[in-house]
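Student: Would you be able to build a 3D model of this:
(one chain, ligands or ions: 2)
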Amino acid sequence: MQPRIILHIDMDAFFTSVEERENPSLKGKPVVVGADPKGGNGRGVVSTANYEARKFGIHSSMPISWAYRKCPSAVFLPVNMQFYAEASQRIMAILKKYAEKFEQASIDEAFLDLSSTGSYDKAKEIVEGIKKDIEEKEKLTCSVGLTPNKLIAKIASDAQKPNGFTIITEEKVTEFLKPLNVRKLPGIGPKAEAVLKELKIDTIGQLAQASEATLRQVFGNAWGTYLHTAAQGIDEREVEQNTVIKNISRRMTFEKDTSEESELRKALETLTEEIGNDLNGYGRTQFKTITLIVRYEDFETHTKQKTLIDECDRSEVILTVAKELLKEYAKTGKKIRQLGISIGKLR
Ligand code: TTP
Ligand code: MG
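Tutor: Residues are numbered from 1 along each chain as shown. Ligands and ions are numbered 1, 2, ... in the order given. Just a heads-up that it's a prediction; the model follows:
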């Protein structure tokens, strides 16, 4: 069988880059896109920060009030989703032309299957063309990973941001993964990281050495096997043909972990409002599933989903369902670190 050549592409600091393109006077300044900071009293979260603002420790999903305190002189801009969605659509249209198999993974990410080029040299030329095309037509930069599968491609595109191009051929996969922190593997969060640390596993290389049986015992069968396989750099998933975003999600990290009901309720209201804006920005109206994501102070994370009988287009329903789903978690009395809402099966 011919080896696969898979490209993952991720736009650099996407929302802020679009803003900077429209207003070049922003270049070089720390820029934050998100809720109104209202002089440090604003509710809501950071959608993204440009690389200058990241130097101050500002990042996605942080409360906007916190970001404001970290860098009050940053330029704070509201989320202009329609604007980013349009840029995204144009970028995806460019990408689609380059491969028969194209999968949009989020507003600023996509996978392309370039196996039919037959070699990394040929694929590399195409990818250089893609980067140039996006830079010329959209005045935006992206980072890419060109590798044997989706998993490695996603890790590789992140390896040299911004404006990176990382090629990892089949024979280099083990060497590439070996020194990386386990957190680089999709799905490993702080909790799994802590458990692995107990086992004296810090790097993907060390994880690859651990026995599958041990990992299955510690993490359960499905997860254990995933970790074992992923650490070897194995991923059989195909690039799927899809061209539309299927869900929208928003997260909010509390400045201080909380179990305060009014604070949790306010957070759900803010998240619902932001999701409503995103939905409008995308020009979509209907959804069918609502998921609540709760991350506790110890990083334990739970999700609960409700599927509506009929498709729905009302924000109030998101809020009502999210509040209902939260009730059970609130019962535990454990403090919550982060809340998220995701709506799915969009139309
Ligand atoms: P990302 O690709 O995760 O981030 P980014 O493009 O801003 O920066 P990077 O260079 O590290 O890729 O997300 C793409 C866009 O999605 C981002 O610009 C804003 C939006 N977003 C949110 O609104 N909330 C979030 O929590 C995250 C992670 C992203
Ligand atoms: Mg990005």
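Student: and Val294, which of the three is it?
Tutor: Secondary structure, DSSP: H, G, I helix; E, B strand; the rest coil: Val294 is strand.
Student: I'd guessed it sits against Glu328; true?
Tutor: No - the criterion here is C-beta atoms under 8 Å, and Val294 misses it with Glu328 at 9.4 Å. (C-beta placed from N, C-alpha, C; glycine too.)
Student: so what's the closest residue to Glu170 other than its chain neighbours up against?
Tutor: What sits nearest to Glu170 in space, not counting adjacent residues and going by C-beta to C-beta, 6 or more residues apart in numbering, is Pro148, at 4.9 Å. Contacts for Pro148 (C-beta atoms under 8 Å, 6 or more residues apart in numbering) come out as Pro3, Arg4, Ile5, Ile6, Ile168, Thr169, Glu170, Val173, Gly233.
Student: What residues are bridge-paired with the fourth one?
Tutor: Pointing back at Ile6 there. Here Ile6 shows beta-bridge partners Asp113, Thr147, assigned using DSSP bridges.
Student: if I look at Lys197, how far off is Lys334?
Tutor: 22 Å (C-beta to C-beta, to the nearest Å).
Student: Can you say which of the contacts of Pro148 are buried?
Tutor: Neighbour counting by 16 or more other C-beta atoms under 10 Å classes Arg4, Ile5, Ile6, Ile168, Val173, Gly233 among those as buried.
Student: May I have the predicted confidence score for the residue in the stretch 151-300 of the chain positioned nearest to ligand 2?
Tutor: In the stretch 151-300 of the chain, the residue that lies nearest ligand 2 is Lys161 (8.0 Å; C-beta to the ion). You'll see Lys161 listed with a pLDDT of 96.
Student: Show me what from the stretch 201-347 of the chain comes close to ligand 1.
Tutor: The stretch 201-347 of the chain has residues Arg251 near ligand 1, with proximity defined as C-beta under 6 Å from any ligand atom.
Student: and if we set it to 8 Å?
Tutor: With C-beta under 8 Å from any ligand atom as the criterion, the stretch 201-347 of the chain meets ligand 1 at residues Arg250, Arg251, Asp278.
Student: What pairs with the helix or strand that the first one is a member of, parallel or antiparallel?
Tutor: Using DSSP states H and E, Arg250 maps to strand 247-258. Based on DSSP bridges, the pairing partners of strand 247-258 within the sheet are strand 336-344 (antiparallel).
Student: will you turn the contacts of Pro148 into CSV that also has pLDDT?
Tutor: Formatted as CSV, the contacts of Pro148 follow (pLDDT from 0 to 100):
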residue, pLDDT
Pro3, 85
Arg4, 96
Ile5, 98
Ile6, 98
Ile168, 98
Thr169, 97
Glu170, 95
Val173, 97
Gly233, 97
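Student: filter these by proximity to ligand 2?
Tutor: Residues of the contacts of Pro148 in contact with ligand 2 (C-beta under 5 Å from the ion): none.
Student: Pull the distance from stretch 290-307 to the chain's centre.
Tutor: 16 Å (C-alpha atoms, centre = their mean, to the nearest Å).
Student: That one: end-to-end distance?
Tutor: Start and end residues of stretch 290-307 are separated by 7 Å (C-alpha to C-alpha, to the nearest Å).
Student: Buried ones in it, by neighbour count?
Tutor: Result for stretch 290-307 [16+ other C-beta under 10 Å]: buried residues Ile290, Thr291, Leu292, Ile293, Val294, Arg295, Tyr296, Lys304.
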